[in-house]
Each structure stands twice: as structure tokens, then as C-alpha cells.
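1. Turn this into a model:
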Amino acid sequence: MKYILIIVLGLASYGCFAQTQTEMNQEAWDSYRKVDSTLNKIYYQILEVYKADTVFIQNLKAAQRIWIKFRDAELAMKYPERGPAYYGTIHPLCVAMYLEQLTQERIKTLKAWLEGGLDGDACNGSIKF
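-> Residues are numbered from 1 along each chain as shown. Next up, the predicted model:
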């Protein structure tokens, strides 16, 4: 009984309780788009803060292009191309949730350039103090 309650509460926290699959899919994609928008804002903030460091900016842009390819490859690895009904109607929700997870991880990585490194850390590299 305890486990059933945990599952129900978990689903409710994702907004999945008493919704259709279409609604849950849409909500998951909306959530991902919001996180993706946050990533883009952080990226453009970094471009602004570090605009004088042209070598860094060039490398940041290259890294972001590569990260997008990495993200897409990770998604393809997790959900290889199969027949239309292979993963079921929950597939769009799962894809959106995985994209959101990967994007959250990228946000965490990029935030270091906005929040700054530790003063005196010899390994900060291009991260400002």
C-alpha cells in the first residue's frame, strides 16, 4: 500500500494525475521548452559577459553545437528508431522528459561561467572569479 501511495504522489507531482496521455505529452513538452528557453538565456548571458574574450566565445559556440549533436545522439541511443507504435503512446512524454533532463545537466554546466569559480582555484580556466 505504501508503494502505491508513493507512485500516485509521484505521478501527481509530474502533473500526470487524471489527465489524458495527450495532455501529459503536451505538459511534458511544455516543461522541456521552458527548460530549453532557460538554457538559451544562460547561453546568451555568457556570450554577453565574455564578449571581449573572442577565443572563449568561439570555443563556447563550437561546444554548444557539439552538445546539441551529443544530446540528439543520446536521445537516439535511448530511443532507437523503431516502428510507429513500438514505444507506445507514452513515447512523446518520455522523449520530452529525457530531453529536459539532458538540458538541465547542460544548464548546470554552463551556469559555472555566470556564477564564477572559486577565488584562487588554479583550475578555473576561462571561468571568471
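2. what comes into contact with stretch 45-52?
-> Stretch 45-52 is touched from outside by 56-57, 60, 110, 113-114, 126, 128, with contacts defined as Cβ atoms under 8 Å, 6 or more residues apart in numbering. (Each C-beta comes from the backbone N, C-alpha and C, glycine too.)
3. out of those, which one sits closest to residue 32?
-> residue 110 (17.0 Å; Cβ to Cβ).
4. How about the contacts made by the closest residue to the closest one other than its chain neighbours?
-> What sits nearest to residue 110 in space, not counting adjacent residues and going by Cβ to Cβ, 6 or more residues apart in numbering, is residue 42, at 5.1 Å. The contact partners of residue 42, taken as Cβ under 8 Å, 6+ apart, are 107, 110-111, 114.
5. Can you select the buried ones from the residues you listed in ChimeraX?
-> Entered in ChimeraX, the line below selects the buried ones among the contacts of residue 42, by 16 or more other Cβ atoms under 10 Å:
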select :107,110
